[in-house]
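Asker: sequence unknown, structure follows:
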């Protein structure tokens, strides 16, 4: 780390000069107050993986030279734990002060800081903040999207610096609007959303009346499907934060995922009932049931799972379920279920809308009304077509009923003779269905067990992963608080592991990690937790220790165990470790604080020569080190 900082200090002037030329190439002239400008094509960006840069650092510090061109028309940077800094240089050629709006039209970003900088002297002309983790009334401008009103001084070389910190998808497009065009575009957007939700409300009310009248459960699940889709889209488009829960930002942050998970559950149940896949397509029926179960698990575990994990899992499951639904519709249509044609067309419309939205985000097709609201249009058409499918299903059921009455009349004479045979066949079918349900339940339990293990354990060493460690650490802290006891967090980073990979290959490195994992497990008690949280980083969570010396003793045992030679694939290898030790409550009472202090202590051990342990500052003070 010190070498990197030294490098930046000695080469700062050269890199700054290069950056100035590069950024100038990405500057855009502002010559008219009558048109909108997309900032995306002009972005320079910087990934702050350490999450410790402020605006002064990126304006004039060493980090200012680390910006590089983004080169994406409508930027979508996916999911990241890092803070993203964006810079768009503006050559303002207007001769008088002008008012503008900078809009970021992705309402689920957690935190945004917008700075307008005078590039000639580095002065911060404007500083504003927004994000869906803030109450709505704290936004600089009341709007479903994130909007920042700015006044640009005339004839100036300016820069817009945007700091984005979000656990969701980093869609970071931004547009510079003159007020008149902004208000017109905003009205058009709200109008389109009003049409969409008006359609959903009409479908919801109409099918609710049908459910009350007919009592058919399929209408009940359809209205739940429509209602949860409306909730998901209302949240996703920023209307929930604006109108329903403006003072509940924590709920507003997760409500889109909750809405889409609930939509998935009821969409799967409705599809299964509508197509009767239990009989018409048993194999696909199992896939639909599995998708519904995954959606339900994701919905219930939202408070307990990381936002990014849940969002990615929801998106992946939604894609899989859509494909399964379309395949089910094709199979049922091929087997003579005519109502499946509307069902198939409905899901196809949703997939087309989703694909169009993705192509727009990638810059493959132009941005216009249709592409901007493609997913809303697709989902609205899906709901309408599913309503048509339900209406056709009523006609099909009526025809089936009439045909059944004729068949019953014809079969009345032979009913007595065939009664015993029918009863026996019915018993066999019930028994078969019972066995099928038992098999499905068994597979679900096996799948759930496998999912739990995969979600909480490292695939290479079998140790606990970061997710399970976080959960175990929180529980251990709560127990320690109740019992007024102590726990220890030992963070170990291997010394000399990279040369093993470089000289012997990653297979040998993997075997070495497994051996070290086994040795660490052997040094602790069964009640303690050993986790692997990175490539060569391990954490030991020690519960109910009597005093800090127990933790020190355990750390020394771990160091000794790691130092022992290891025979891996006919090669004798030696590595060591640097260990940082933090104690609850001496070094903190929060899980994040303990891990942070242990990590700092580990780096102290690295700097002190490695192959040793160091104590966190609070622990060192308490035992007089």
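Answerer: The structure has been received and is ready for your questions. Because the structure is predicted, anything quoted here is derived from the model rather than measured.

Asker: hey, let's count contacts and neighbours off CA atoms from now on
Answerer: Fine.

Asker: if I look at residue 566, how far off is residue 508?
Answerer: Counting by C-alpha to C-alpha, to the nearest Å, the separation of residue 566 from residue 508 is 11 Å.

Asker: kindly report the same for residue 103.
Answerer: Applying C-alpha to C-alpha, the value for residue 103 to residue 508 is 51 Å.

Asker: quick one, which of those two is more surrounded?
Answerer: Using other C-alpha atoms under 10 Å as the criterion, residue 103 and residue 508 rank with residue 103 on top: 21 against 18.

Asker: ok, for the more buried one, nearest residue in space, not its chain neighbours?
Answerer: residue 147 (4.4 Å; C-alpha to C-alpha, 6 or more residues apart in numbering).

Asker: which residues sit against the helix or strand hosting the one you found?
Answerer: Element membership of residue 147 [criterion: DSSP states H and E] is strand 146-152. Contacts to strand 146-152, defined as C-alpha atoms under 8 Å, 6 or more residues apart in numbering, come from residues 92, 97-107, 114, 126, 128, 130-131, 139-141.

Asker: do stretch 284-296 as well
Answerer: With contact meaning C-alpha under 8 Å, 6+ apart, stretch 284-296 is reached by 261-262, 264-266, 268-269, 272, 277-278, 314, 317, 320-321, 324-325, 328, 440, 444.

Asker: of those residues, grab the buried ones for ChimeraX.
Answerer: Selecting the buried subset of these in ChimeraX, with 16 or more other C-alpha atoms under 10 Å as the burial test, is done by:
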select :261,262,264,265,266,268,269,272,277,278,314,317,321,324,325,328,444
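
Asker: inside helices: which ones of the contacts of stretch 284-296?
Answerer: 261-262, 264-266, 268-269, 272, 277-278, 314, 317, 320-321, 324-325, 328, 440, 444 (DSSP state H).

Asker: next structured bit after the lowest-mean-pLDDT helix or strand in the chain?
Answerer: Of all the helices and strands that make up the chain, helix 2-25 has the lowest average by mean pLDDT, DSSP states H and E, namely a mean of 35. Downstream of helix 2-25, the first helix or strand assigned by DSSP H and E is strand 28-30.

Asker: now that next one: buried residues?
Answerer: For strand 28-30, the buried set under the neighbour-count rule, 16+ other C-alpha under 10 Å, comprises 28, 30.

Asker: and that strand, what does it pack against?
Answerer: If contacts are counted by 3 or more C-alpha pairs under 8 Å, 6 or more residues apart in numbering; DSSP states H and E, strand 28-30 sits against strand 83-92.

Asker: and the strand it packs on, what's its mean pLDDT?
Answerer: Taken as a whole, strand 83-92 carries a mean pLDDT of 94.

Asker: let me know the angle separating it from strand 146-152.
Answerer: Using axes from the mean of the first three to the mean of the last three C-alpha atoms, to 10 degrees, the direction of strand 83-92 lies 40 degrees away from that of strand 146-152.

Asker: return the distance of residue 289 relative to residue 317.
Answerer: As defined by C-alpha to C-alpha, residue 289 lies at a distance of 12 Å from residue 317.

Asker: among the contacts of strand 146-152, name the buried ones.
Answerer: The neighbour-count test (16+ other C-alpha under 10 Å) applied to those identifies 92, 98, 100-107, 114, 126, 128, 130-131, 139, 141 as buried.

Asker: is residue 577 in contact with residue 610, as I believe?
Answerer: Yes. Proximity of residue 577 to residue 610 meets the contact threshold set by C-alpha atoms under 8 Å, at 6.7 Å.

Asker: can you give me the strands in the stretch 501-625 of the chain?
Answerer: Per DSSP state E, counting those that start in this stretch, the stretch 501-625 of the chain carries strands over the ranges 529-532, 537-545, 566-568, 571-573, 576-584, 612-615.

Asker: reformat the ones you listed as TSV; add distance to residue 430 and mean neighbour count.
Answerer: Formatted as TSV, the entries for the strands of the stretch 501-625 of the chain read as follows, by distance: least, C-alpha to C-alpha, whole Å; neighbours: other C-alpha atoms under 10 Å:
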stretch	distance to residue 430	mean neighbour count
strand 529-532	48	24
strand 537-545	52	21
strand 566-568	57	15
strand 571-573	62	12
strand 576-584	58	28
strand 612-615	66	24
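
Asker: pLDDT averaged over stretch 477-492 - what is it?
Answerer: With pLDDT averaged residue by residue, stretch 477-492 scores 91.

Asker: run through who's touching it.
Answerer: Taking contacts as C-alpha under 8 Å, 6+ apart, the residues outside stretch 477-492 that touch it are 476, 537-548, 551, 555, 577-585, 589-591, 594-595, 598-599, 602.

Asker: thinking again about what came up before, from residue 176, how far out is the residue nearest to residue 103?
Answerer: Per C-alpha to C-alpha, residue 147 is found 10 Å from residue 176.

Asker: between the two, what contacts are shared?
Answerer: In contact with both residue 147 and residue 176: 101-103, using C-alpha under 8 Å, 6+ apart.

Asker: ok, the residue lying closest to residue 313 once chain neighbours are set aside to residue 292 distance?
Answerer: The shortest distance from residue 313 to any residue that is not its chain neighbour, by C-alpha to C-alpha, 6+ apart, is 7.8 Å, and that residue is residue 298. Residue 298 sits 10 Å away from residue 292 when distances are taken as C-alpha to C-alpha.

Asker: neighbouring contacts of stretch 432-445?
Answerer: Applying C-alpha under 8 Å, 6+ apart, the external contacts of stretch 432-445 come out as 286, 290.

Asker: how about stretch 506-521?
Answerer: Contacts of stretch 506-521 with the rest of the structure, by C-alpha under 8 Å, 6+ apart, involve 460-461, 463, 497, 500-501, 530, 536, 558, 561-562, 566, 568-569.

Asker: among the residues you listed, which ones are buried?
Answerer: By neighbour count, with 16+ other C-alpha under 10 Å, those hold 461, 463, 497, 500, 530, 536, 558, 561-562, 566, 568 as buried.

Asker: would you say residue 337 is within a helix?
Answerer: No. For residue 337, which was evaluated using DSSP: H, G, I helix; E, B strand; the rest coil, the result is coil, with no helix membership.

Asker: show the model's pLDDT score for it.
Answerer: Here, the pLDDT recorded for residue 337 equals 77.

Asker: all helices for the stretch 351-500 of the chain, in order.
Answerer: 369-372, 374-411, 415-456, 466-483, 497-504 (DSSP state H, counting those that start in this stretch).

Asker: the shortest one - what's its average pLDDT?
Answerer: Which is helix 369-372. For helix 369-372, the mean per-residue pLDDT is 61.

Asker: how about residue 162, phi and psi?
Answerer: Taking degrees, to the nearest 10, you get phi -120, psi 120 for the backbone angles of residue 162.

Asker: enumerate every residue touching it.
Answerer: Taking C-alpha under 8 Å, 6+ apart as the definition of contact, the neighbours of residue 162 are 85-87, 112-115.

Asker: wait, residue 203 sits on residue 384?
Answerer: Yes. Distance between residue 203 and residue 384: 7.3 Å, which falls inside the contact criterion (C-alpha under 8 Å).

Asker: re earlier: what is the nearest of the contacts of stretch 506-521 to residue 340?
Answerer: residue 460 (45.2 Å; C-alpha to C-alpha).

Asker: distance of that closest one from residue 595?
Answerer: Relative to residue 595, residue 460 is positioned 22 Å away (criterion: C-alpha to C-alpha).

Asker: same thing with residue 77?
Answerer: Computed as C-alpha to C-alpha, the residue 77 to residue 595 distance reads 28 Å.

Asker: the two - which one has more neighbours?
Answerer: Using other C-alpha under 10 Å, the more surrounded residue of residue 77 and residue 595 is residue 595, with 24 against 13.
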